[in-house]
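Colleague: One predicted model, sequence on top.
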Amino acid sequence: LFVTIKYRKRLTRMQQLVAIFYNILSYITIIVQFLFPHYLAASFTIALCLIFIFLTLQNPYELIDYIAGTFNLKAYYLLIPEYLSYRKEFSIIGIKLSNLKFINDKFGGEEGNRILQQFGEFLTNELYGYPTFHLRGAIFAVIVPNPEMNQTVIEKIDEYFSRPLCINKVTTQACGNFCC
């Protein structure tokens, strides 16, 4: 209980609830087990609590952006301090899809989401091995552990933007801005 209270600011709301649930259920089980020693309530309660803890604290899907299929902003904030702690050089390439708002306004949000999904698939497939993130809206980031590979990564992304893009039988050009 002390650890839960001490680190509550680092936990999400759901993680806090599960930690509190675990503590309360443990105390109730101790009382029930003491009053009715012929029941095996402790083993069942421990198993139930461990399932809840595993499903909330170790949920890898919490770090995935469902539209783009890449890592999300939370994963970005978790990974950057690790890279900084290695004290080795790395690069972050920021990419903003320039015409996404126009596509959303002209063709609808579903088409805009489809564009995000296609670009996310491209990043994860073509830049396999580099962590890719959908930060928000039309903004993506790629972490390049070896800064010497920046130009290669940028060329692959630039090649993607040179391909025609078909939206509702209308062919257009995807465009984006880079920042290293």
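Modeller: It's in.
Colleague: So Lys101 sits against Ala138, correct?
Modeller: Yes: applying C-beta atoms under 8 Å as the test, Lys101 and Ala138 come out as touching, 7.3 Å apart. Yep, even glycine has a C-beta here, placed from its N, CA and C like the rest.
Colleague: Comparing these two, which shows the higher neighbour count?
Modeller: Neighbour count, other C-beta atoms under 10 Å: between Lys101 and Ala138, Ala138 has more, with 21 against 12.
Colleague: How confident was the prediction at the more buried one?
Modeller: At Ala138, the predicted lDDT confidence score is 87.
Colleague: ok, it touching Phe102?
Modeller: No: the criterion here is C-beta under 8 Å, and Ala138 misses it with Phe102 at 10.5 Å.
Colleague: shared neighbours of those two, anything?
Modeller: Here Ala138 and Phe102 have no joint contacts, going by C-beta atoms under 8 Å, 6 or more residues apart in numbering.
Colleague: Count the residues that sit near Leu78.
Modeller: A count of nearby residues for Leu78, using other C-beta under 10 Å, gives 11.
Colleague: Now stretch 32-40 - C-alpha only, PDB.
Modeller: The C-alpha coordinates for stretch 32-40 follow below in PDB (Å, rounded to 0.1, in the frame of the first residue of the first chain):
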ATOM      1  CA  VAL A  32     -11.900 -14.100   5.800                       C
ATOM      2  CA  GLN A  33      -9.100 -16.600   5.900                       C
ATOM      3  CA  PHE A  34      -8.700 -15.900   9.600                       C
ATOM      4  CA  LEU A  35     -12.400 -16.200  10.400                       C
ATOM      5  CA  PHE A  36     -12.900 -19.300   8.100                       C
ATOM      6  CA  PRO A  37      -9.600 -21.200   8.100                       C
ATOM      7  CA  HIS A  38     -11.200 -24.300   6.300                       C
ATOM      8  CA  TYR A  39     -11.700 -22.200   3.100                       C
ATOM      9  CA  LEU A  40      -8.800 -21.700   0.700                       C
END
